[in-house]
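> just a sequence and a predicted model for now, questions to come.
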Amino acid sequence: MNTDNPTLLYVNLPVSSVEATKTFFSGLGFTFNAMFCDENALCMPISPWQV
């Protein structure tokens, strides 16, 4: 697998509570990119090249 130029894919999913979603996925061990998070949206990178 060539990792020199990884392809990025962004998926937007509606949720009823951003805070509850963050709590749930944090509990599973996922992290969030604070640079792209606010009270309306979260950025949760899922890849070997986590940002």
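Yep, it's here. Numbers count the residues shown, from 1 in each chain.

> any idea how far the residue nearest the centre of the chain is from Ala34?
Ranked by distance to the mean C-alpha position of the chain (Cα atoms, centre = their mean), the top residue is Met44 at 0.8 Å. According to Cβ to Cβ, to the nearest Å, Met44 stands 11 Å off from Ala34. Just so you know, the C-beta spots here come from the backbone N, C-alpha and C atoms, and that holds for glycine as well.

> Leu9 too?
20 Å.

> what about the strands in the chain?
Read by DSSP state E, the chain holds no strands at all.

> residue boundaries of the helices in it?
18-27 (DSSP state H).

> so where's it shaky on pLDDT?
1-3, 6, 48-51 (pLDDT under 70).

> residues near Met35, how many?
For Met35, the count of nearby residues is 7 (other Cβ atoms under 10 Å).

> and if you look at Thr31?
Other residues close to Thr31 by other Cβ under 10 Å number 13.

> isn't it up against Cys43?
No: counting by Cβ atoms under 8 Å, Thr31 sits too far from Cys43 to count as a contact (9.9 Å).
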